[in-house]
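Peer 1: quick one: sequence and predicted model below, then my questions.
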Amino acid sequence: MKIKIVTLLMMMVPALAIASGGVHLDKADVDLDNKESLQRGAQLFTNYCLSCHSAGYMRYNRMAQDLGLSEKQVEKNMMFVADFSKLEEGEPGKVGGLMKVALRTADAKQMFGTKVPDLTVVSRSRGADWLYTYLRTFYLDESRPFGVNNTTFKDVGMPHVLWELEGLKKAVKETIKDHDGNETTVITGYETVVAGKMSAAEYDDAIHDMVNFMVYMGEPAQLVRYKWGVIVLIFLLILFIPAYALKKEYWKDVH
C-alpha cells in the first residue's frame, strides 16, 4: 500500500511542474481578512488591469459591500469604463453593473494577437503564487512585440502595464551545463534599468495586495463561508455533548 502511495505522489510531481511552467513560484501569503490590503488591491486592479481585462462575473456594488467601501468611493476611484452593453457610443457605468471593459474582442485580437482573457476566476485556474510571481518577473526583451518578456510565462503577449510602478529591468542570464554536457541559459536575477515610482519592497507589497484582491474576486463568498464554517463547527461540537449523553442513555441497558 505504501509503495502505491509513493508511486502516486511521484506521478503528481511532473504535473505540478507543468502547472507552474517549471518555474520556482514565490509564496503570495494571501490574507482575505486584511480589508485594507483588499481595498488597495481593488484600486490597483481597476486602475491597471481593467483597461483591457474584464472581470465580467463581478459587480462593483458587491465588491464595495464586501470590502467595506461606499458606492460613492467605488464610483469615484474605481469606475473608469463606460457601459457599451446597450448603446454603441456608450453611457456612464452603473455601480450595480458588471466589471467589463470597452475593448472589443476583434480589436483585442488585432492588437494582441489573441483574445484578452477575463480575470474574474484567474486566481482559481492559475493559483495565487503563480500570479504573484508572474507580475514580478517581467524583463526587457527587444525581440518581443511589446519590448518585454516574462520568466514565469515565456513569450507572453502582454505589455508590462505596471512598469511605471516597478520600473524596467533586464534579465541577468547564466549558461549552465547538465550532466550530459548540454548547455542551457537560465535567468538568475534582474538589474534595474529604469527606476519606477516604488522601491522593490513597495512593489512586492502592491502586487501582494492585487493578488489578494484577485483571490477574493475568484470566490467572494469565501469571506462569509469561512465565518459560517467556524460557527457550524462550534455548533456541532456543542451538539456532540447532548448527543453523546443521549447515546449513553439509550444503550445503558444493552449488554
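Peer 2: Sure, I can see it. In this text, all values refer to a predicted model and were calculated from it rather than measured experimentally. Residues are numbered from 1 along each chain as shown.
Peer 1: can you show me the strands along the stretch 151-255 of the chain?
Peer 2: Counting by DSSP state E, counting those that start in this stretch, the stretch 151-255 of the chain has strands at residues 167-177, 183-195.
Peer 1: mind checking which of these is nearest Gly157?
Peer 2: Closest to Gly157 of the strands of the stretch 151-255 of the chain, according to Cβ to Cβ: strand 167-177, at 18.2 Å. C-beta here means a position set from N, CA and C on the backbone, and glycine is covered the same way.
Peer 1: partner strands of that closest one and their direction?
Peer 2: strand 183-195 (antiparallel) (DSSP bridges).
Peer 1: and the strands of the stretch 151-255 of the chain: which comes nearest Ala128?
Peer 2: Closest approach to Ala128 among the strands of the stretch 151-255 of the chain is made by strand 183-195 (21.7 Å; Cβ to Cβ).
Peer 1: could you export that closest one as CSV, CA atoms only?
Peer 2: The C-alpha coordinates for strand 183-195 follow below in CSV (Å, rounded to 0.1, in the frame of the first residue of the first chain):
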residue,chain,number,x,y,z
GLU,A,183,24.4,24.0,-22.2
THR,A,184,21.2,25.8,-21.1
THR,A,185,20.8,29.6,-20.5
VAL,A,186,18.9,30.4,-17.3
ILE,A,187,17.8,33.7,-15.7
THR,A,188,19.4,34.1,-12.3
GLY,A,189,18.3,37.6,-11.5
TYR,A,190,17.4,41.1,-12.7
GLU,A,191,19.1,44.5,-13.0
THR,A,192,17.1,47.7,-12.9
VAL,A,193,17.5,49.9,-16.0
VAL,A,194,14.8,52.5,-15.3
ALA,A,195,13.7,53.1,-11.8
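Peer 1: returning to that earlier point: so which of the strands of the stretch 151-255 of the chain is the most surrounded?
Peer 2: strand 167-177 (a mean of 14; mean count of other Cβ atoms under 10 Å).
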